[in-house]
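>>> only geometry, no sequence info:
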């Protein structure tokens, strides 16, 4: 079944610091409206959701699925979806956003040695995991959220261990689901062509942003002509492939500015810019300040108690609050 032509897609880019690429969105204000959004959104990282109250519907492409209190949801990057509550209610949620590849880097001898903890490559996907069927998934998810809220001594080490256990359990569940009879046919039956049609390009950018490459390479991995690829990419992402690539490079540079003492010139080269002047121009257009100003302000913010420097980046690139206007 192909995606309806009037479906609007929205890309949400969450900033995940290099030293601890985990973000938890939680609190009493994280309530989901009962009004279905006209937009499907997708993001740059793995999303684990926990429904704390009420029930409703998650829509993946054109396929609706019901959720209820206690359910855990698992949404890999680049999977369009939306959520709305049952009529007259507002379901409350917590979300864990993280990058398994970055968080668990160095855990395995080679990148291909371990399981696919990104959970992206499975076909008959279990997006919704009920508490009564998967109590251990609910327990691990809730434990991670509480650790991130309490921030007790060594909480990051604890969260990393819990996320590793959760990721392995989710990998096992998806592996079993992908081996069920008819899994491949079931997946192809409802997967729309545009849902993942540019995913190879997004993955290519994520893996190769630090190098110079022509836009033809992105079109090629998506098996499209360059003209058609540019058109499809802009329709889905609301920006050109080159602008998206440069924005990705800027986000990576933000990480390096905060997590290393490398010079601005070196960082500009590390993230793929051919000249520091070009880097400065793009940085200012995205972040609205120079790299030097950004580094100074964020380091100062880190020294102030209760001020999380990652929130400043999310003001530009992600969503720290639930949708107030889902129309």
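Now that the structure is in, tell me what you want to look at. Computed from a predicted model, the values in this text were never measured in an experiment.

>>> Mind pulling up the pLDDT for residue 252?
pLDDT for residue 252: 89.

>>> in the protein, which segments are predicted with low confidence?
Along the chain, segments meeting pLDDT under 70 span 1-8, 61-62, 108-116, 118-124, 180-196, 302-327.

>>> Outline the domain layout of it.
By the assignment in automatic domain parsing, the chain contains the domains 8-190, 199-317.

>>> Switch those over to JSON lines; also include mean neighbour count.
Using the backbone N, CA and C atoms, a C-beta is placed for each residue, glycine as well. As requested, these are arranged in JSON lines below (neighbours: other Cβ atoms under 10 Å):
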{"stretch": "domain 8-190", "mean neighbour count": "17"}
{"stretch": "domain 199-317", "mean neighbour count": "16"}
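
>>> Could you list which residues are in contact with residue 290?
For residue 290, the contact set (Cβ atoms under 8 Å, 6 or more residues apart in numbering) comprises 280, 283, 284.

>>> Tell me the secondary structure at the closest residue to residue 28 other than its chain neighbours.
Setting aside the residues directly before and after it, residue 28 is nearest to residue 92 in space (Cβ to Cβ, 6 or more residues apart in numbering), at 7.0 Å. Classification of residue 92 using DSSP: H, G, I helix; E, B strand; the rest coil returns strand.

>>> Quick check, residue 92 in contact with residue 55.
No - with contact defined as Cβ atoms under 8 Å, residue 92 does not reach residue 55; the gap is 11.4 Å.

>>> biggest helix in the protein by residues?
Longest helix in the chain, counting residues (DSSP state H): helix 155-178.

>>> what packs against that helix?
With contacts defined as 3 or more Cβ pairs under 8 Å, 6 or more residues apart in numbering; DSSP states H and E, helix 155-178 has these neighbours: strand 22-25, helix 100-103, helix 135-150.

>>> packing partners for the first one?
Looking back up the chat, that one is strand 22-25. The contact analysis (3+ Cβ pairs under 8 Å, 6+ apart) places strand 22-25 against strand 91-98, helix 135-150, helix 155-178.

>>> again, only this time at 7 Å
strand 91-98 (3 or more Cβ pairs under 7 Å, 6 or more residues apart in numbering; DSSP states H and E).

>>> cool, and the longest one?
Identification of packing neighbours for helix 135-150 by 3+ Cβ pairs under 7 Å, 6+ apart yields strand 46-51, strand 72-75, strand 91-98, helix 155-178.

>>> hmm, try it at 8 Å
strand 22-25, strand 46-51, strand 72-75, strand 91-98, helix 155-178.

>>> List of residues touching that helix?
22, 24, 26, 48, 50, 70, 72, 94, 96, 129, 131, 155, 158-159, 162-163, 165-166, 169-170, 173.

>>> How far off centre is that helix?
19 Å (Cα atoms, centre = their mean, to the nearest Å).

>>> Now do it against strand 91-98, angle only.
Per axes from the mean of the first three to the mean of the last three Cα atoms, to 10 degrees, the angle that helix 135-150 makes with strand 91-98 is 80 degrees.

>>> For the residue positioned nearest the centre of the chain, which residues are in contact?
With distances taken as Cα atoms, centre = their mean, residue 45 lies nearest the centre of the chain, 2.1 Å away. Taking Cβ under 8 Å, 6+ apart, we find residue 45 in contact with 14, 16, 21, 77, 97, 98, 99.

>>> any idea how far the fifth one lies from residue 25?
Computed as Cβ to Cβ, to the nearest Å, the residue 97 to residue 25 distance reads 7 Å.

>>> swap in the last one?
To residue 25, residue 99 is 15 Å away according to Cβ to Cβ.

>>> now do residue 240
Applying Cβ to Cβ to residue 240 and residue 25 gives a distance of 29 Å.

>>> Check residue 60 too.
Note on residue 60: its distance to residue 25, by Cβ to Cβ, is 20 Å.

>>> what's the answer for residue 264, then?
31 Å.

>>> was I right about residue 20 contacting residue 155?
No - contact criterion Cβ under 8 Å: residue 20 and residue 155 do not qualify, at 10.0 Å.
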